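S.K.: Okay, predicted coordinates and the sequence, questions at the end:
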Amino acid sequence: MIKRKKILITGQVQGVGFRPAVHAIATSLGLSGTVRNDTKGVTVELQGEQAKIAEFVVRVQSDPDKPPLAKIKSCRAVDVPVIADDGKFTIETSDSQGAPLSQVTADIATCRDCLAEMGDQEDFRHGYPFINCTNCGPRYSIVRRIPYDRPNTTMAVFEMCDKCAAEYTDVTNRRFHAQPVACAACGPKIRLTDSKGKTVEARTDEAIAETANLLLAGKIVAIKGIGGFHLAVDALNERAVARLRRRKKRDHKPFAMMADSVEKIKEHAMVSQSAEQLLNSPQSPIVLLPKRMNSPIAPSVAEGVDTYGFMLCYAPLHYLLFARDIEVLVMTSANISDEPLICKNELALERLADVADAFLMHDREIHRQVDDSTLHLIDDKPVLLRRARGYVPTPIFMEEESREDVFAAGADLKNTFCFARKNQLICSEHIGDLEDAEVYHHYIESIEHLRRLFEVEPKVMACDLHPGYLSTRRALSTPNVKVVQVQHHWAHIASVLVEHGLVGPVIGLVADGTGYGTDGAIWGCECMIASLEEFERFGHLDYYLLPGADKASKEAVRPALSLLKRAYGDKFALRKFDWLLERIEPDANKTQIIFEQLEKGVNCIETSSLGRVFDAVAALLGLGGYNHFDAQLPMAMEAIAAADVEDRYEIEMLSPPGEPRRFSLDETVRQIVADVQNHVDAGIISAKFHNTVSQAMLALASACRSETGLTVVALSGGVFCNRYLTNRLTKQLKQNGFSVLFNRNVPSNDGGISLGQAAIAVKLAPVQV
Ligand SMILES: [Zn+2]
Ligand SMILES: [Zn+2]
């Protein structure tokens with residue numbers, strides 16, 4: 001029987017080659033009709049045999065017919081009247097039916113088909129470093145404005161040759177409407193320059209060969225990629241890596257590395273099956289992998305951590321370079337200390353002249369700088385630590401549509417921001433720490449760029465409670481918008497809820513460094529009953545004093561002294577602990593001053609920060625006294641934690657009537673000091689301390705369940721980037737009958753705050769406006 005059906009397909013279905021795929025399936029089944037992008041997704045009208053239409057619906061959602069980058073959220077078919085048509089199937093242009101929802105997709109690693117063509121001597125794109133197709137290549141990083149058409153990208157300056165144009169306009173071709181399509185005759189070109197920008201080699205093959213020679217000779221080369229420049233150096237050459245550290249003014253933070261195959265990575269790190277899938281995914285992120293003993297990787301690539309950050313080649317240029325006998329490269333974002341990633345040629349030459357010995361550049365402009373994304377595995381599931389290239393601007397979908405467009409400002413550290421429009425939450429890429437003036441400037445520009453790209457007109461703004469945050473001050477001073485201030489840790493838990501399509505309430509367990517509390521204290525280790533509409537603080541780590549608030553996140557002596565003083569009370573005498581404090585802060589005068597601050601309560605703030613407790617305990621274990629980069633000390637402590645230790649220290653639960661439950665670590669601190677004094681192995685102490693924190697959080701969750709009957713626990717906060725703690729707590733919670741949710745799609749650190757803020761504002765905005 002002949003039928004006509006209208007099929008609405010939603011999800012990530014635009015800009016991923018969906019319409020040509022629909023065309024291919026429909027014509028192969030002898031169906032007539034149309035396909036078009038519209039504001040909801042893709043709409044297909046099909047006419048023909050009912051059984052064939054049913055077959056279409058199955059095939060369009062399954063491999064191998066479904067385009068590799070498409071993610072289908074729903075596919076609904078309704079009957080419409082049969083019409084007299086010409087029996088053909090046609091693709092309608094997008095602009096005929098209103099502007100599509102989000103046309104801009106993420107930058108995607110080079111696909112297998114393109115790699116095969118690049119390696120094929122007969123192909124006209126043989127050895128071409130910018131080969132791409134509908135299934136791969138740059139997107140978000142090259143778009144200036146919408147609609148996503150070539151003239152609105154940085155490819156506008158390159159006029160397609162006849163061969164490329166023929167593929168671009170052929171609906172059956174893999175490059176149909178692939179905006180960055182190009183070849184050696186018509187597209188971007190590379191060149192190698194010296195450190196002053198003078199071209200030394202402009203021929204593609206020779207420039208790549210010479211770059212490889214420089215790298216193998218231990219030189220530092222700035223290489224322009226998809227989202228910005230990398231600084232590359234031979235990862236097996238200790239002197240070269242050490243020189244890069246000195247020149248980049250990055251003394252300690254681990255460097256990411258790149259290899260051209262998983263097999264190569266396996267020589268240096270343990271790669272589980274899930275990790276292998278992640279490395280090979282179209283997003284091609286950096287994956288943190290347990291180090292292999294005796295790997296020849298230069299020691300200074302990643303000191304004080306037990307993982308290597310590895311990614312596979314993801315741009316054609318990377319593959320061409322690695323084909324020249326390169327083993328493993330350090331590929332670190334090209335910036336100076338914490339400034340934004342450099343993506344413009346002129347700026348690279350200006351800022352990196354003293355860092356790089358040579359530049360491998362190209363003339364395809366990068367419009368948006370996008371860092372590499374970083375993930376690790378928790379409970380063998382991929383979890384994002386930094387969300388950027390490959391993941392942004394893919395929206396996170398909400399069950400309900402937002403009645404107002406919302407802007408969420410995020411947090412000041414590890415900033416991302418987020419827009420809510422209809423049922424989409426669109427998070428920005430990792431922006432950075434807003435206290436840096438360059439980063440703040442980049443933040444302001446990025447907000448405007450994304451706002452235009454997604455045509456959002458926010459009438460509601462969400463921001464943090466912290467009165468000192470630049471992001472908060474900016475939101476509060478914006479005219480004609482409703483501002484919703486969201487407590488930091490509530491936003492953390494809300495980010496987990498919205499990721500899992502829940503509204504709550506759930507038991508929220510937060511393990512974090514710092515977040516401004518509703519009582520003006522700095523919260524950090526929290527148990528809350530939270531939904532997207534409200535939260536209640538159920539319990540927390542008992543407050544301790546933090547002397548010299550803004551310095552306290554770097555200098556471990558500050559929380560260490562405070563926790564010792566609290567644990568020993570009147571018996572605490574500075575001299576008695578000299579032996580311990582000297583290893584944390586060699587300057588005894590400074591320790592004395594901080595001690596006096598604590599005694600008098602001057603310049604001190606009350607806190608339940610768990611991050612600072614980790615700093616202090618790591619310092620007590622002799623792992624250093626200073627965080628040169630975020631969480632350096634806690635990461636060092638996690639790295640040495642002994643396996644198979646079940647012991648823990650004592651905690652004291654305090655349940656004052658009518659107040660939130662609290663737990664105290666005083667006895668824990670005394671027992672740790674005793675263990676240190678008795679020369680117990682630091683790895684054992686580390687494991688026992690992690691186990692103690694896990695136990696305390698389990699106790700809070702259990703108490704909360706007894707009172708509320710809730711059994712779902714959401715974990716969030718920066719300290720949950722600690723794999724030992726998160727794996728252990730997850731296991732313990734599950735053994736005790738809880739369901740456990742954690743962040744997967746956005747980081748559990750402050751990079752996920754904007755998503756939670758946005759979700760809460762979407763819920764509250766209609767009520768408040
Ligand atoms: Zn491709
Ligand atoms: Zn061409």
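M.R.: Yes, it's here. Ligands and ions are numbered 1, 2, ... in the order given.
S.K.: looking at it, residue 483 is touching residue 475, isn't it?
M.R.: Yes. With contacts counted by C-beta atoms under 8 Å, residue 483 reaches residue 475, the gap being 5.5 Å. Just so you know, the C-beta spots here come from the backbone N, C-alpha and C atoms, and that holds for glycine as well.
S.K.: overlap in contacts of those two?
M.R.: Between them, residue 483 and residue 475 share the neighbouring residues 461-463, with contact defined by C-beta atoms under 8 Å, 6 or more residues apart in numbering.
S.K.: Would you reformat these as a markdown table and include neighbour count and secondary structure?
M.R.: As requested, the shared contacts of residue 483 and residue 475 are exported to a markdown table (neighbours: other C-beta atoms under 10 Å; DSSP: H, G, I helix; E, B strand; the rest coil):
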| residue | neighbour count | secondary structure |
| --- | --- | --- |
| 461 | 24 | strand |
| 462 | 31 | strand |
| 463 | 28 | strand |
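S.K.: any chance of these in CSV, with distance to ligand 1 and pLDDT too?
M.R.: Below are these laid out as CSV (distance: C-beta to the ion, whole Å; pLDDT from 0 to 100):
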residue, distance to ligand 1, pLDDT
461, 39, 97
462, 38, 97
463, 40, 98
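S.K.: Helices of the stretch 201-350 of the chain, residue ranges please.
M.R.: 204-216, 238-248, 262-266, 273-279, 316-322, 345-351 (DSSP state H, counting those that start in this stretch).
S.K.: and of these, who's closest to residue 229?
M.R.: Using C-beta to C-beta as the criterion, the shortest distance between residue 229 and the helices of the stretch 201-350 of the chain is 5.1 Å, found for helix 345-351.
S.K.: so what's residue 69 up against?
M.R.: Each residue near residue 69 by C-beta under 8 Å, 6+ apart is listed here: 12, 16-17, 105, 108, 135, 282.
S.K.: Distance to ligand 2 for the shared contacts of residue 483 and residue 475 - can I get that in JSON lines?
M.R.: Compiled in JSON lines, the shared contacts of residue 483 and residue 475 are given as follows (distance: C-beta to the ion, whole Å):
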{"residue": "461", "distance to ligand 2": "45"}
{"residue": "462", "distance to ligand 2": "46"}
{"residue": "463", "distance to ligand 2": "47"}
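S.K.: before we move on, back to that, just name the most buried of the helices of the stretch 201-350 of the chain.
M.R.: Most buried of the helices of the stretch 201-350 of the chain by mean neighbour count (mean count of other C-beta atoms under 10 Å) is helix 316-322; its value is a mean of 23.
S.K.: where does the chain come near ligand 1, residue by residue?
M.R.: Contact residues (C-beta under 5 Å from the ion) of the chain with ligand 1: 111, 114, 133, 135-136.
S.K.: Looking at those, spot the one nearest residue 492.
M.R.: Distance to residue 492, by C-beta to C-beta, is smallest for residue 136 among those, at 34.2 Å.
S.K.: Grab the nearest non-local neighbour of that closest one.
M.R.: Ranked by C-beta to C-beta, 6 or more residues apart in numbering and with sequence neighbours excluded, the top spatial neighbour of residue 136 is residue 111, at 3.9 Å.
S.K.: Over to residue 738?
M.R.: Beyond its immediate neighbours in the sequence, the residue positioned closest to residue 738 (C-beta to C-beta, 6+ apart) is residue 713, lying 4.8 Å away.
S.K.: And for residue 717?
M.R.: Nearest non-adjacent residue to residue 717, counting by C-beta to C-beta, 6+ apart: residue 512, 3.3 Å away.
S.K.: burial count for that neighbour?
M.R.: For residue 512, the count of nearby residues is 25 (other C-beta atoms under 10 Å).
S.K.: Next one: it, what pLDDT does it get?
M.R.: For residue 512, the pLDDT comes out at 97.
S.K.: how close does it get to residue 724?
M.R.: Counting by C-beta to C-beta, to the nearest Å, the gap between residue 512 and residue 724 amounts to 17 Å.
S.K.: related to what we said a few turns ago, give the residue from residue 483 and residue 475 that has the larger number of neighbours.
M.R.: The residue with more neighbours, out of residue 483 and residue 475, is residue 475; 22 against 17, by other C-beta under 10 Å.
S.K.: could you list every residue that touches the nearest residue to that one once chain neighbours are set aside?
M.R.: If you skip the residues right next to it in sequence, residue 475 has residue 463 as its closest partner in space, 3.8 Å away by C-beta to C-beta, 6+ apart. For residue 463, the contact set (C-beta under 8 Å, 6+ apart) comprises 408-409, 469, 471-472, 474-476, 483-486, 757.
S.K.: Narrow these to those in helices?
M.R.: Judged by DSSP state H, the contacts of residue 463 include 471-472, 474-476, 757 as members of helices.
S.K.: Select from these the one having the most neighbours.
M.R.: Neighbour counts for the ones in helices among the contacts of residue 463 were taken using other C-beta under 10 Å; the highest belongs to residue 757, which has 35 neighbours.
S.K.: which residues touch that one?
M.R.: If a contact means C-beta under 8 Å, 6+ apart, then residue 757 has 408-410, 418, 462-464, 484, 486, 491, 494 as its contacts.
S.K.: Ligand 2 versus that one, what's the distance?
M.R.: According to C-beta to the ion, to the nearest Å, residue 757 and ligand 2 sit 45 Å apart.
S.K.: Which single residue of the stretch 251-400 of the chain ends up nearest ligand 1?
M.R.: Proximity to ligand 1, evaluated over the stretch 251-400 of the chain using C-beta to the ion, is greatest for residue 316 at 9.2 Å.
S.K.: Verify the contact between that residue and residue 110 for me.
M.R.: Yes. Taking contacts as C-beta under 8 Å, residue 316 lies within contact range of residue 110: 5.2 Å.
S.K.: any shared contact partners between those two?
M.R.: When contacts are counted by C-beta under 8 Å, 6+ apart, residue 316 and residue 110 have 118, 131-132 as shared neighbours.
S.K.: In JSON lines, list the residues you listed along with pLDDT.
M.R.: Formatted as JSON lines, the entries for the shared contacts of residue 316 and residue 110 read as follows, by pLDDT from 0 to 100:
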{"residue": "118", "pLDDT": "98"}
{"residue": "131", "pLDDT": "98"}
{"residue": "132", "pLDDT": "97"}
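S.K.: helices or strands next to the one helix or strand the residue nearest to residue 738 maps to in the packing?
M.R.: When elements are assigned from DSSP states H and E, residue 713 belongs to strand 712-716. With contacts defined as 3 or more C-beta pairs under 8 Å, 6 or more residues apart in numbering; DSSP states H and E, strand 712-716 has these neighbours: helix 488-499, strand 506-516, helix 723-735, strand 739-742.
S.K.: Measure how that strand sits relative to strand 506-516, angle-wise.
M.R.: An angle of 20 degrees separates the directions of strand 712-716 and strand 506-516 when computed by axes from the mean of the first three to the mean of the last three C-alpha atoms, to 10 degrees.
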